[in-house]
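In: Show me the folded form of this:
(chains A, B, C and D)
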2 protein chains.
Amino acid sequence: MKIGQLAQQTGTLVDTIRYYEREGLLPRAARTEGNYRIYDAVHLERLAFIRRCRSLDMTLDEIRVLLCFRDRPLESCEDVNTLLDAHINHVADRIRELLQLEKQLLTLRECCRDGRQAADCGILNELSHGATEVAGPSVSESHLSATHAGGRRHVVQRTQEQGED
Amino acid sequence: MKIGQLAQQTGTLVDTIRYYEREGLLPRAARTEGNYRIYDAVHLERLAFIRRCRSLDMTLDEIRVLLCFRDRPLESCEDVNTLLDAHINHVADRIRELLQLEKQLLTLRECCRDGRQAADCGILNELSHGATEVAGPSVSESHLSATHAGGRRHVVQRTQEQGED
DNA sequence: TGGAAACCCTGTAGCAACTCCAGAGTCAAG
DNA sequence: CTTGACTCTGGAGTTGCTACAGGGTTTCCA
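Out: A predicted model of the protein is given here:
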């Protein structure tokens, strides 16, 4: 099958598939005479695996490791467990951070219940004046962060339509 | 004061301060004869404000809006409240997403309690085989995402030491 | 058969919010 | 006068894509 079909079947953008190939997550695809990439069921399986991992918010590096294990089925899978545990810890850490952040924000929000002049706004005053410390890396001292996505703003995976066969 | 001192007092990297200036969050600083930036208490206050907002995980765009209100103290601060409410919602959404993700990961982890061969690893099998759907954008359909930081991996704000005065 | 539509190719730039580096200039102390 | 600490500018790199531009290929339909 061609790249567009693979994209559709896995809910991936064509560009993303090419990106994974560049990154070495997918092997270089064979080509037709016209230089089109062609894929088979093995590719589809592998890409589906990658997408499933991504939907669990794993990094490409983490996925690379998992793929590595898939490719060597005789080795012990202990490191898979370790990796997953680490990932679970990342997520748990981030949840804790965000809960704390939420609390701070709600406290801040309490400072100004109704519309006033900005000069009297409790929120602006609070932020200017600093009950919250400045330097303290309260959030994001672990390797993961960001309430807002880095670089992918509207991730509406709109698999482009291909003529139905 | 010079940029290094400002950096130290706010727990900010020098590069970050210059970046904020480029981005228009800080006004262009006056210069010495030797072309060094010089700052005063007003700059320090403003930077501290920015850093406090950042520690609450606001985007630079959100902060720009808040700074705008600070600069026009006679206007109503209603939009400040609105902005903060929106931000709180972002954070709450993200928490919900991550809690769901955590649950999925823990379920996955249950698939392989002890070290086996990778071929028999319940986790790898589960990921390959897809009880979790592929295409579903379960995580990150809102505009914010990322368990792992986009672009800043270890955000250990190590304010570089300057000779003690 | 011809031409348009739909698909594919490569390469490059952009996002957010920085961080880091090179290569050069400035300044204070010894 | 040199050393070292500090500063400057400009540019590249980070993550995981996404979105072009500017071309080539295939397919479909009249």
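In: Apart from its neighbours in sequence, what residue is nearest residue A:92?
Out: Closest residue to residue A:92 apart from its sequence neighbours, by Cβ to Cβ, 6 or more residues apart in numbering or on different chains: residue B:102 at 6.2 Å. (Glycine included, C-beta is placed from N, CA and C.)
In: is it true that residue A:73 lies in a helix?
Out: No: in this structure, residue A:73 is coil, not part of a helix, as judged by DSSP: H, G, I helix; E, B strand; the rest coil.
In: Tell me where chain A has strands.
Out: Taking DSSP state E to define them, one finds strands in chain A at A:30-31, A:37-38.
In: Those strands into a markdown table, with extra columns for distance to DNA strand D?
Out: A markdown table is the format used below for those (distance: least, Cβ to the nearest atom of the strand, whole Å):
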| stretch | distance to DNA strand D |
| --- | --- |
| strand A:30-31 | 9 |
| strand A:37-38 | 11 |
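In: Format those as TSV; extra columns: mean pLDDT, distance to residue A:120 and mean neighbour count.
Out: Listed next are the strands of chain A as TSV, based on pLDDT from 0 to 100; distance: least, Cβ to Cβ, whole Å; neighbours: other Cβ atoms under 10 Å in any protein chain shown:
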stretch	mean pLDDT	distance to residue A:120	mean neighbour count
strand A:30-31	96	68	10
strand A:37-38	98	62	16
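In: and of these, who's closest to residue A:10?
Out: strand A:37-38 (14.0 Å; Cβ to Cβ).
In: How is chain A divided into domains?
Out: Domain assignment for chain A, taken from automatic domain parsing, gives A:3-71, A:78-149.
In: Lowest mean pLDDT across those, which one is that?
Out: Note on the domains of chain A: lowest mean pLDDT is at domain A:78-149, with a mean of 72.
In: Residue B:93: which of the domains of chain A is closest?
Out: domain A:78-149 (9.1 Å).
In: any bit of the closest one sitting next to DNA strand D?
Out: No: legend: contact between domain A:78-149 and DNA strand D by Cβ under 7 Å from any atom of the strand is lacking; minimum distance shown is 7.9 Å.
In: correct me, but the residue nearest to residue A:92 touches residue A:93?
Out: No: between residue B:102 and residue A:93 there is no contact under Cβ atoms under 8 Å: 10.6 Å.
In: Now do the lengthiest helix in chain A against helix B:78-110, angle only.
Out: Criterion DSSP state H: the longest helix present in chain A is helix A:78-110. Orientation of helix A:78-110 against helix B:78-110 (axes from the mean of the first three to the mean of the last three Cα atoms, to 10 degrees) gives an angle of 160 degrees.
In: buried stuff in helix A:78-110?
Out: A:80-81, A:83-84, A:87-88, A:90-91, A:93-95, A:97-98, A:101-102, A:104-105, A:108-109 (16 or more other Cβ atoms under 10 Å in any protein chain shown).
In: What separation do you get for residue A:14 and residue A:47?
Out: 12 Å (Cβ to Cβ, to the nearest Å).
In: between the two, which one's more packed in?
Out: Neighbour count, other Cβ atoms under 10 Å in any protein chain shown: between residue A:14 and residue A:47, residue A:47 has more, with 24 against 16.
In: dump the residue contacts of that one.
Out: A:6, A:10, A:12, A:17, A:20, A:26 (Cβ atoms under 8 Å, 6 or more residues apart in numbering or on different chains).
In: Dump these to JSON lines, plus distance to DNA strand D.
Out: Shown next, in JSON lines, are the contacts of residue A:47 (distance: Cβ to the nearest atom of the strand, whole Å):
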{"residue": "A:6", "distance to DNA strand D": "14"}
{"residue": "A:10", "distance to DNA strand D": "12"}
{"residue": "A:12", "distance to DNA strand D": "7"}
{"residue": "A:17", "distance to DNA strand D": "9"}
{"residue": "A:20", "distance to DNA strand D": "7"}
{"residue": "A:26", "distance to DNA strand D": "12"}
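In: wait, which of the residues you listed is closest to residue A:118?
Out: Using Cβ to Cβ, these come closest to residue A:118 at residue A:12, 46.3 Å.
In: what subset of the contacts of residue A:47 is also close to chain B?
Out: residue A:10 (Cβ under 8 Å from any Cβ of the partner chain).
In: and the most centrally placed residue in chain A, how far is that from DNA strand D?
Out: Centroid check for chain A by Cα atoms, centre = their mean gives residue A:57 as the closest residue, at 4.4 Å. The gap separating residue A:57 from DNA strand D is 8 Å, by Cβ to the nearest atom of the strand, to the nearest Å.
In: swap in residue A:105?
Out: Taken as Cβ to the nearest atom of the strand, the span from residue A:105 to DNA strand D is 24 Å.
In: try residue A:76
Out: 25 Å.
In: Ok, residue A:35 next?
Out: On the measure of Cβ to the nearest atom of the strand, residue A:35 and DNA strand D end up 6 Å apart.
In: Thank you kindly, that will do.
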